[in-house]
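1. sequence unavailable; structure follows:
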């Protein structure tokens, strides 16, 4: 097992069955991210998945999956982040901790009815965190705008092998229909890199990320914003959308 790939496999049968049941895959087209040796894949089939596309980066495990499931599962040996998005009814996966955020961002490009992901507990808390709390940040805003995230349950580290140092959680995602451009995503990242500062100061300190060198120009712009004196981490996702609209005025500076 390759630690560099973040591979920790769920070995608790009851947890695997819970995942498959909660994913509600009966008669559905399913994408499984990071299928490993097929433990969850087996459960998805037993719960009536119509079609399964299993993505696995590790060549050894991809080979195991092909031999184990043959024509019952379409195995794709690839990095999920490199794949061209296709529509699926369900998306499931036990996500490697070190690339959870990029995978979630990538999922925003996919069309799906429901996703059920097993992620590090700390990341799950960030995904659903409300404004004003310590965990609230860039990922919180992105997920709560693009998805309707729900924290389903916690999974003990004892359910995995090799055993990780932290607990995990199941998170359910549904699309809201809102699409954030790369520019908007970058703007959110810029603001929340200074999340404990006021919006005005966060924009001033992030001016180079907005392509502006002159501090006085952006300072004049920033002080006129609706939420200029609010701390960034207190801004709700809805308020962040308002700010993104205001920031379009930076193009005129």
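-> Now that the structure is in, tell me what you want to look at. Everything numeric here is computed off the predicted structure, so don't read it as measured data. Numbers count the residues shown, from 1 in each chain.
2. what ranges do the strands span in the chain?
-> 9-10, 29-33, 51-56, 74-77, 90-94, 114-120, 150-155, 160-161, 168-173 (DSSP state E).
3. let's have the ones you listed in a markdown table, adding mean neighbour count, mean pLDDT and distance to residue 214.
-> (Each C-beta comes from the backbone N, C-alpha and C, glycine too.) Shown next, in a markdown table, are the strands of the chain (neighbours: other C-beta atoms under 10 Å; pLDDT from 0 to 100; distance: least, C-beta to C-beta, whole Å):
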| stretch | mean neighbour count | mean pLDDT | distance to residue 214 |
| --- | --- | --- | --- |
| strand 9-10 | 19 | 94 | 53 |
| strand 29-33 | 24 | 98 | 44 |
| strand 51-56 | 22 | 98 | 46 |
| strand 74-77 | 18 | 98 | 49 |
| strand 90-94 | 24 | 97 | 45 |
| strand 114-120 | 23 | 97 | 41 |
| strand 150-155 | 15 | 98 | 44 |
| strand 160-161 | 16 | 94 | 52 |
| strand 168-173 | 22 | 98 | 41 |
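4. looking at these, which is closest to residue 241?
-> strand 168-173 (18.8 Å; C-beta to C-beta).
5. can I get the strands of the chain in JSON lines including distance to residue 217?
-> Below are the strands of the chain laid out as JSON lines (distance: least, C-beta to C-beta, whole Å):
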{"stretch": "strand 9-10", "distance to residue 217": "53"}
{"stretch": "strand 29-33", "distance to residue 217": "44"}
{"stretch": "strand 51-56", "distance to residue 217": "46"}
{"stretch": "strand 74-77", "distance to residue 217": "49"}
{"stretch": "strand 90-94", "distance to residue 217": "44"}
{"stretch": "strand 114-120", "distance to residue 217": "41"}
{"stretch": "strand 150-155", "distance to residue 217": "42"}
{"stretch": "strand 160-161", "distance to residue 217": "52"}
{"stretch": "strand 168-173", "distance to residue 217": "39"}
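6. excluding covalently adjacent residues, which one is nearest to residue 27?
-> In space, residue 27 comes closest to residue 50 once its chain neighbours are excluded; the distance is 5.1 Å by C-beta to C-beta, 6 or more residues apart in numbering.
7. residue contacts, that neighbour?
-> Applying C-beta atoms under 8 Å, 6 or more residues apart in numbering, we find residue 50 in contact with 27-30.
8. tell me the one of the residues you listed nearest residue 93?
-> For those, the nearest to residue 93 is residue 30 (10.2 Å; C-beta to C-beta).
9. so what pLDDT did the residue nearest the centre of the chain get?
-> Nearest to the geometric centre of the chain sits residue 104, at 2.1 Å (C-alpha atoms, centre = their mean). Each residue has a pLDDT score; the one for residue 104 is 97.
10. what does residue 3 give?
-> Residue 3 is given a pLDDT of 43.
11. same question for residue 96.
-> So residue 96 comes in at 86 (pLDDT).
12. so it touches residue 7, yeah?
-> Yes: the criterion here is C-beta atoms under 8 Å, and residue 96 meets it with residue 7 at 7.0 Å.
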